[in-house]
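In: generate a structure from the sequence data that follows.
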Amino acid sequence: MPAVRHVSAKNGDVILLVGTMKGAFVLRSNGARKKWDVGGPYSIGSPVYAMAFDQRQGRRRLWWAQQSFRWGTVLCSSDDYGKTITEPETYSVKFPPESQLTLKNIWQICLGRDDDPDTMYCGVEPAALFESHDAGKTWSPVEGLLNHPHRPKWVPGGGGMCLHTIIPDPVNPKRMMIAISTAGAYRTDDGGMTWQARNEGVRAEFLPEKYPEFGQCVHKVVQHPSKPERLFLQNHWGLYRSDDAGNSWKDIANGVPSDFGFCMVAHPHDPDTVYIVPIESDEYRCTPEGKLRVYRTQNAGATWEPMTRGLPQKDALETILRDSMTTDTCDPAGIYFGTRSGKVYGSSDDGKSWRAIIEGLPPVVCVRASLVGGGEKSLPRRRAVTEKKKTVARRTSRRATSVKSKSVRRARAAKR
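Out: Residues are numbered from 1 along each chain as shown. Sure, this is the predicted structure:
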């Protein structure tokens, strides 16, 4: 068994959660994000497809899904970055007996809204949504989706029939978007009681009917909290944007080498900026031309540009899966992704330049990043100092202007 190392973190640090086919790893850096300490592996030998870091109500709680082909899948947690781990005595996420369904995997762990700090969600295989309202102690399926009339017609994709994307609306607490492979995108507007397919305009290249109501193989959907009506979607063939909360979708695959891919993330501060890593095709799931390129749009998909500085542009036959890309909330933002060959790359300047953070891991299937103790208002130290200096300079300038104005007024009054 490999030796297990541990990390600790303080406010202002960035942690990177990496789930692999042989366990979970926790990486830590300061706000500069130049050097990373590595903790793990945890759940040694187990595939870990989903991880999350809960900071609500002062928590510092790691969550990950530990999959065992013999014992099933359970949720693990740690309040000290993995030094001590809590595993449930019984399976907390499980289907009711009357459903005749058996949990195969947990594909997504999603935290609820900040104003509902004890709520969490899990997306699982076979496709279903589970919710907890006691900070992960107990779980129950969302009945409106579990008993959806479309369910008998849903067909598994290559990775199984998995619910892999959960997007609680940041404004409307009763609205949520989810995505299922291969059922498509669904939305609830009544707190989960009913769900409607939201796939208008999304192509199902592998079906006789190219634009069905449901049955699309959606790979990822992302949203920026400042503009919740806008969504971006990476499909099994196709890049799309919705400006009406998913009611309709517009193709935005403009100038990318392939519109096939898995991962997609939104910039933490700019609702017009999104990142993807294109894949050659569904038959050849490697980066096009052997070049590892992150493509970025800064105008909501009107154009895309390759970000390649520091990334290999020759013989880089890499695959990046749907949950293997993430961002932190620093400014400039950190962008991170992991590959099936066990590498994790990171950028600390909004994607302008990249470097390998760690190599030699098992195949990476999940990457998540968090700024410890803060959201987007927390800046790296150097940036914060610069902003403070600018603020002081502005105040000094205003004071100097005020003093000068008073002197001028006094001089004018003396002349009169």
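
In: isn't Y240 right up against N254?
Out: No: using CB atoms under 8 Å, Y240 is not in contact with N254; the gap is 11.7 Å. Glycine gets a C-beta too; all of them are placed from N, C-alpha and C.

In: give me the more crowded residue out of the two.
Out: Y240 (26 against 13; other CB atoms under 10 Å).

In: what about that one, which helix or strand?
Out: Y240 belongs to strand 239-242 when assigned by DSSP states H and E.

In: P306: neighbour count?
Out: Counted with other CB under 10 Å, P306 comes out at 17.

In: need the residues that contact stretch 272-280.
Out: Residues outside stretch 272-280 that contact it (CB atoms under 8 Å, 6 or more residues apart in numbering) are 222, 232, 234, 239, 256-267, 285-288, 292-301, 304, 307, 319-320, 325, 327, 335, 337, 350-351.

In: go again using 7 Å as the cut-off
Out: 222, 232, 234, 256-258, 260-267, 285-288, 294-300, 319-320, 325, 335, 337, 351 (CB atoms under 7 Å, 6 or more residues apart in numbering).

In: repeat for stretch 188-196
Out: V142, G144, L145, H148, K174, R175, M176, Y186, R187.

In: which one of those sits closest to I15?
Out: M176 (26.3 Å; CB to CB).

In: hey, what's P278 bridged with?
Out: Judged by DSSP bridges, the bridge partners of P278 are G261.

In: hmm, I was thinking of A266
Out: V274.

In: wouldn't it be in contact with H224 here?
Out: Yes: between A266 and H224 there is a contact at 4.8 Å, judged by CB atoms under 7 Å.

In: may I see the PyMOL selection of the buried members of the contacts of stretch 272-280?
Out: Listed next is the PyMOL selection for buried residues among the contacts of stretch 272-280, using 16 or more other CB atoms under 10 Å:
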select buried, resi 222+232+234+256+257+258+260+261+262+263+264+265+266+267+285+287+288+294+295+296+297+300+319+320+325+335+337+351
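
In: can you confirm V124 is in a strand?
Out: Yes: counting by DSSP: H, G, I helix; E, B strand; the rest coil, V124 falls inside a strand.

In: name the nearest residue to it, ignoring sequence neighbours.
Out: I106 (5.3 Å; CB to CB, 6 or more residues apart in numbering).

In: hmm, who's touching whichever strand or helix holds that neighbour?
Out: Secondary structure from DSSP H and E places I106 in strand 105-111. Contact partners of strand 105-111, identified using CB under 7 Å, 6+ apart, comprise 49-52, 54, 56, 63, 65, 67, 73, 75, 93, 120-125, 160, 162-166.

In: the helices in the chain, which residues?
Out: With helices called from DSSP state H, the chain shows them at 143-146, 381-415.

In: least reliable of the ones you listed by average pLDDT, please.
Out: For these, mean pLDDT drops lowest on helix 381-415, to a mean of 44.

In: how about the closest residue to F214 other than its chain neighbours, what does it touch?
Out: Ranked by CB to CB, 6+ apart and with sequence neighbours excluded, the top spatial neighbour of F214 is A197, at 4.1 Å. Contacts for A197 (CB under 7 Å, 6+ apart) come out as H150, G184, Y186, E213, F214.

In: state the distance from A197 to E131.
Out: Shown here: A197 relative to E131, a distance of 21 Å by CB to CB, to the nearest Å.

In: end-to-end on stretch 30-41?
Out: Taking CA to CA, to the nearest Å, stretch 30-41 runs 21 Å from one end to the other.

In: just the pLDDT at L233, thanks.
Out: pLDDT, read off for L233, is 98.

In: typo on my end, it should be T86
Out: 93.

In: now the residue nearest to it when sequence neighbours are not counted: how far from S258?
Out: Closest residue to T86 apart from its sequence neighbours, by CB to CB, 6+ apart: S77 at 4.9 Å. Shown here: S77 relative to S258, a distance of 38 Å by CB to CB.

In: point to the residue nearest the middle of the chain.
Out: T326 (4.8 Å; CA atoms, centre = their mean).

In: so it bridges to which residues?
Out: Here T326, judged by DSSP bridges, has bridge partners Y336.

In: ok, it - contacts?
Out: T326 neighbours (CB under 7 Å, 6+ apart): V265, Y336, V367, R368, A369.

In: same deal with F69?
Out: Contacts of F69 by CB under 7 Å, 6+ apart: none found.

In: contact partners for the residue lying closest to Y295 once chain neighbours are set aside?
Out: Closest residue to Y295 apart from its sequence neighbours, by CB to CB, 6+ apart: W304 at 4.6 Å. By CB under 7 Å, 6+ apart, W304 lies in contact with N254, G255, V256, Y295, R296, T297.

In: which of these fall within strands?
Out: Y295, R296, T297 (DSSP state E).

In: so the first one touches S258, yeah?
Out: Yep, that's Y295 we're talking about. No: using CB under 7 Å, Y295 is not in contact with S258, being 9.9 Å away.
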